[in-house]
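give me a 3D structure for the following:
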Amino acid sequence: MSAAAFIGAGLITAGFTALGVSMTSRLKRRLRVITALVGTIDFMEAEISYGLTPLTELLPELAARDNVLEDFWSAVSRGWEAGDSFSKVWAGEAAGLELKEQDRLLVEEIGRILGRYDADRQAARLGFIKKKLELSQTAAREELVKNGRLYCVLGVLGGLTIAIILL
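Next comes the predicted model:
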């Protein structure tokens with residue numbers, strides 16, 4: 001066997017390993033985003049209910065305090081200031097978050113209710129969405145525990161298997 005064959009086998013194994021690690025990273029990012037959203041909803045509820053903070057002030061404040069979703073909050077704020085519909089900007093930016101479809105629909109619902117109803121209705125609806133996101137958070141945590149290591153191991157084993165077959 002030549003050195004090039006072993007280098008090729010190593011590259012194949014590394015590529016499959018990277019694929020497994022990438023899949024695990026996606027699970028981690030989803031959990032981080034959902035966790036940040038749950039924490040942010042608590043803050044939003046308090047600001048809307050007790051502080052009566054307008055959205056124009058709330059969005060920059062969220063961007064300043066939330067490292068995970070800072071880009072999301074900033075983009076929503078910029079898009080809205082540019083004159084676009086708030087719910088359209090929100091939905092467009094929510095589409096870029098690392099979420100499953102059911103989670104994304106909940107996030108899009110937040111954009112449809114913010115600034116549209118009175119403070120009590122907004123807070124009540126945010127509380128409902130938060131409970132649903134907490135269920136998604138639990139499911140994401142369980143999926144990460146269950147499948148995270150599996151994806152990494154399958155990546156390594158898949159790469160080794162292909163490399164052995166080709167050698």
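
list the buried ones in the least confident helix or strand in the chain by mean pLDDT?
Least confident helix or strand of the chain, by mean pLDDT, DSSP states H and E, is helix 55-65 with a mean of 85. For helix 55-65, the neighbour count (16 or more other Cβ atoms under 10 Å) marks 55, 58-59, 61-63 as buried. Where you see a C-beta, it was placed from the backbone N, CA and C, and this is true even at glycine.

tell me the one of the residues you listed nearest residue 103?
When these are ranked by distance to residue 103 (Cβ to Cβ), residue 62 comes first, at 18.1 Å.

isn't the closest one right next to residue 44, touching?
Yes: applying Cβ atoms under 8 Å as the test, residue 62 and residue 44 come out as touching, 7.4 Å apart.

I'd like the distance between residue 36 and residue 133.
Going from residue 36 to residue 133 by Cβ to Cβ, to the nearest Å gives 10 Å.

what about residue 32, which helix or strand?
Following DSSP states H and E, one finds residue 32 within helix 3-49.

from the chain's centroid, how far away is that helix?
Here helix 3-49 is found 9 Å from its chain centre; the criterion is Cα atoms, centre = their mean, to the nearest Å.

that one versus helix 55-65: what angle between them?
Between helix 3-49 and helix 55-65, the angle comes out at 140 degrees (axes from the mean of the first three to the mean of the last three Cα atoms, to 10 degrees).

by contact count, what packs against helix 3-49?
Contacts defined by 3 or more Cβ pairs under 8 Å, 6 or more residues apart in numbering; DSSP states H and E place helix 3-49 against helix 55-65, helix 101-113, helix 119-166.

repeat that for 6 Å
When contacts are defined as 3 or more Cβ pairs under 6 Å, 6 or more residues apart in numbering; DSSP states H and E, helix 3-49 packs onto helix 119-166.

helices or strands next to the helix it packs on in the packing?
Using 3+ Cβ pairs under 6 Å, 6+ apart: helix 119-166 touches helix 3-49, helix 101-113.

those helices: which one's closest to residue 150?
Closest among those, using Cβ to Cβ: helix 3-49, at 8.5 Å.

still on that earlier bit, now the helices and strands packed on helix 119-166 in TSV, with mean neighbour count, distance to residue 94 and mean pLDDT?
Below are the helices and strands packed on helix 119-166 laid out as TSV (neighbours: other Cβ atoms under 10 Å; distance: least, Cβ to Cβ, whole Å; pLDDT from 0 to 100):
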stretch	mean neighbour count	distance to residue 94	mean pLDDT
helix 3-49	16	10	90
helix 101-113	17	4	93
